[in-house]
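Student: Sharing a model prediction with you, sequence too.
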Amino acid sequence: MSEKTRREFLRQSAGAVGGACLFSLGLGLYARQVSALPATALRPPGALAEKDFLSACVRCGLCVRDCPYDTLKLSTLGETVATGTPYFEARKIPCEMCEDIPCVKACPTGALDRSLTEINKSRMGLAALVDQETCLNFLGLRCDVCYRVCPVIDKAITLERVHNPRSDRHAMLLPTVHSDHCTGCGKCEKSCVLPEAAIKVFPVKMAKGKLPEHYRKGWEEKEKHGGSLIGDQIQMPTRRPEQTVPGSAPGGLDSGWKP
Amino acid sequence: MSAAVSPAPTFFSHSLFGKWLLLRRASQLAILALFLLGPWFGIWIVKGNLSSSLILGMLPLTDPLLVLQSLAAGHVPYRDALLGAAIVILSYLLIGGRVFCSWVCPVNVVTDAAAALRRKLGIKGGRAPAASTRYWLLGGILVASAITGGIVWEFVNPVSMLHRGLIFGMGLAWALILGIFLYDLLVASRGWCGHLCPMGAMYSLLGRTALLRVSANKRAACDDCMDCFVVCPEPQVIRPALKGAGTDSPVILDANCTNCGRCIDVCNRDVFRFTQRFDRRTTP
Ligand code: SF4
Ligand code: SF4
Ligand code: SF4
Ligand code: SF4
């Protein structure tokens, strides 16, 4: 090699190395930035946690092909879900919770974890009654549709009866989701009768809060212990201001409590 | 092209429609058609896409580069995917890694078209990055996968995006493909496949032991018309075999040869033919 060609060669190689490194760096950062799952996209049953999912899914679409209800689709470039990965939107086509979970069986990589064998144990997302201002049951009607369609009815979603303070003589039956049973299938969101669903299914991370590790619920501890942990307490009377009648007993309180 | 000294081309030896070129396009089309039979007509011979597929419900095939990235990112895929990658690797070790490029890859049709148009319009110059960039890029994406813990190349890979796009829906991927076409046409001759694509780089690495090879077995008849150098997507691979520079074997042993057979098509002296790598015979 002459001095000139050697220099040319070195210059070219340096360009190659530098360019490739820069590009990979940019790509890594880009990949990180676009890997957040948007709120409306749910992963198929058995999907690993999002970060692990993106290290496992090769974007082959075999899960999509084996879903009998056309629930799943692969995202395309320009959508907010990581390009090529499978997802579904509850409001479009929810998951029908196939008993044999064909999508999981089809996955060759383990991005959908085959240790999921009971569909009721899947956690594709978590439903949340996000809009209490429009949910018909919150308005005092008996719509109940989201409750009725739930494949895990009475466990994942229940109707909680509370007093209707507006009419003061009726009950409201409030659809209430329980995270220990909700699979995130999306059927409730799909069938909500409103033009925009009041109950929506989100990726679990978005829908679920978390108590600090050290919090204990007194009533649970009490039950576990089989009695109060701090001994018997004096029960004080409950005083209700609304029960005061003008001109009644001194102090204006009459709870009806007798020693 | 200096066709003046060569006999007039017949239909099959014409540089636009060589026999091998037609076979290659047929192969690329047939593979795509196999994938489309399912979604279009409900005939499920092949499911999935080039990233991973299942043939007749039993034979898995998986893109080895994806498995490598997945491993780098810390995920050990199920046996199906590992087996699929092993089958793919073994096949290409036999027939030549870059057979994927010229006989399977859908982007090849795009970059070939760009190269043909570039020749036709006589576009010269531009700036191509060093041919070794692709190997650095290959290393780079593996490191990036390891650091970010995700399969990073898939966020931009035009090969899988085009193929997946044709089968599952394209989205904006066409813009990326158009970009590659324009890059190859205006900026760098054979720039994408020959200098940048890390998939091609991986298949080049798999091509070192290929049994199936092109041989310039009648190299004595070469009249230096240079047609083969003009059409070859990796022209540097021809010289050692054709001109015997540094080797006495007429076989093109360079792993970057894509076994596309274009040189066989365009040579009016029938210098080239397909053979196996140990066939060192020459005919005058
Ligand atoms: S469980 Fe059934 S309906 Fe739900 S995504 Fe899988 S295949 Fe589709
Ligand atoms: S089958 Fe598995 S690897 Fe393939 S797209 Fe679905 S989740 Fe990803
Ligand atoms: S998403 Fe809705 S329908 Fe599905 S299990 Fe949860 S509450 Fe029930
Ligand atoms: S180099 Fe890359 S894009 Fe070009 S044909 Fe090969 S795999 Fe396809």
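Tutor: Yes, it's here. Ligands and ions are numbered 1, 2, ... in the order given.

Student: C-terminal to the helix ranked longest in chain A, what's the next element?
Tutor: Ranked by residue count under DSSP state H, the longest helix found in chain A is helix A:3-33. Beyond helix A:3-33 in the direction of the C-terminus, DSSP states H and E gives the next helix or strand as helix A:50-56.

Student: do that next one and ligand 2 meet at all?
Tutor: No: between helix A:50-56 and ligand 2, judged by CB under 6 Å from any ligand atom, nothing touches; the nearest distance is 6.8 Å. Where you see a C-beta, it was placed from the backbone N, CA and C, and this is true even at glycine.

Student: do the helix or strand following that helix and ligand 2 meet at all?
Tutor: Secondary structure here is assigned by DSSP H and E; on that basis, the next helix or strand after helix A:50-56 toward the C-terminus is helix A:62-66. Yes: part of helix A:62-66 sits near ligand 2 under the criterion CB under 6 Å from any ligand atom, namely A:L62, A:C63.

Student: now helix A:62-66, how far from the centre of its chain.
Tutor: Centroid separation between helix A:62-66 and its chain, computed with CA atoms, centre = their mean, to the nearest Å, is 23 Å.

Student: what are the ranges of the strands in the stretch 51-200 of chain B?
Tutor: Remark: strands of the stretch 51-200 of chain B, listed N- to C-terminal, are B:52-55, B:59-62; assignment by DSSP state E, counting those that start in this stretch.

Student: For the stretch 151-259 of chain A, give the residue positioned nearest to ligand 1.
Tutor: In the stretch 151-259 of chain A, no residue comes nearer to ligand 1 than A:C185, which is 7.1 Å away by CB to the nearest ligand atom.

Student: in what helix or strand does B:P39 lie?
Tutor: The secondary structure element spanning B:P39 is helix B:19-41 (assigned by DSSP H and E).

Student: So the residue of the stretch 151-259 of chain A closest to ligand 1 versus ligand 3, what's the distance?
Tutor: In this view, A:C185 and ligand 3 are 4 Å apart by CB to the nearest ligand atom, to the nearest Å.

Student: From what I see, that residue and A:C95 are in contact.
Tutor: Yes: proximity of A:C185 to A:C95 meets the contact threshold set by CB atoms under 8 Å, at 4.5 Å.

Student: Report the set of residues contacting both of these two.
Tutor: Taking CB atoms under 8 Å, 6 or more residues apart in numbering or on different chains as the contact rule, the neighbours common to A:C185 and A:C95 are A:M124.

Student: closest to ligand 3 out of the strands of the stretch 51-200 of chain B?
Tutor: With distances scored as CB to the nearest ligand atom, the stretch of the strands of the stretch 51-200 of chain B nearest to ligand 3 is strand B:52-55 (29.4 Å).

Student: list the helices and strands the closest one packs on?
Tutor: Counting contacts by 3 or more CB pairs under 8 Å, 6 or more residues apart in numbering or on different chains; DSSP states H and E, the secondary-structure elements packed against strand B:52-55 are helix A:62-66, strand B:46-49, strand B:59-62, helix B:79-95.

Student: Give me the contact list for stretch B:236-251.
Tutor: Contacts with stretch B:236-251, where a contact means CB under 8 Å, 6+ apart, come from B:131, B:213-217, B:219, B:222, B:228-229, B:232, B:252-254, B:256-257, B:263, B:271, B:275, B:277, B:279-282.

Student: actually stretch B:57-71, sorry about that
Tutor: Counting contacts by CB under 8 Å, 6+ apart, the residues touching stretch B:57-71 from outside are A:55-56, A:58, A:60, A:108-109, B:44, B:47, B:50-55, B:76-77, B:80-85, B:87-89, B:138, B:141-142, B:145, B:151-154, B:160, B:198-199, B:202, B:206.

Student: Using ChimeraX, make a named selection holding only the buried ones among those.
Tutor: Here is the ChimeraX command that picks out the buried ones among the contacts of stretch B:57-71, judged by 16 or more other CB atoms under 10 Å in any protein chain shown:
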select /A:55,56,58,60,108,109 /B:47,50,51,52,53,54,77,80,81,82,83,84,85,88,89,138,141,142,145,151,152,153,154,160,198,199,202,206
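
Student: how about CSV for the strands of the stretch 51-200 of chain B, with distance to A:I230 and mean pLDDT added?
Tutor: As requested, these are arranged in CSV below (distance: least, CB to CB, whole Å; pLDDT from 0 to 100):
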stretch, distance to A:I230, mean pLDDT
strand B:52-55, 60, 93
strand B:59-62, 61, 94
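
Student: between those, which gets nearest to B:S102?
Tutor: Each of these has some distance to B:S102 by CB to CB; the shortest is strand B:59-62, at 18.0 Å.

Student: how deep is A:V193 tucked in, by neighbour count?
Tutor: Using other CB atoms under 10 Å in any protein chain shown, A:V193 has 10 other residues around it.

Student: so it sits right up against A:C143, yeah?
Tutor: Yes: using CB under 8 Å, A:V193 is in contact with A:C143, at 6.2 Å.

Student: Show me where chain A has its strands.
Tutor: Assigned by DSSP state E, the strands in chain A fall at A:73-74, A:86-87, A:126-129, A:157-163, A:171-177, A:199-202.

Student: Give the other helices and strands that the last one contacts.
Tutor: Here strand A:199-202 touches strand A:126-129, helix A:187-191, going by 3+ CB pairs under 8 Å, 6+ apart.

Student: residues contacting B:V159?
Tutor: Taking CB under 8 Å, 6+ apart as the criterion, B:V159 is in contact with B:L50, B:C105, B:P106, B:V107, B:C197, B:M199.

Student: if we can go back for a sec, could you tell me which residues touch both of A:V193 and A:C143?
Tutor: A:L136.

Student: How many residues are close by the nearest residue to B:G261 once chain neighbours are set aside?
Tutor: Sequence neighbours aside, B:W20 is the residue nearest to B:G261 in space, at 3.0 Å (criterion: CB to CB, 6 or more residues apart in numbering or on different chains). A count of neighbours around B:W20, defined by other CB under 10 Å, yields 21.

Student: quick one: B:W20 and ligand 3, what's the gap?
Tutor: In this structure, B:W20 and ligand 3 are 56 Å apart, going by CB to the nearest ligand atom.
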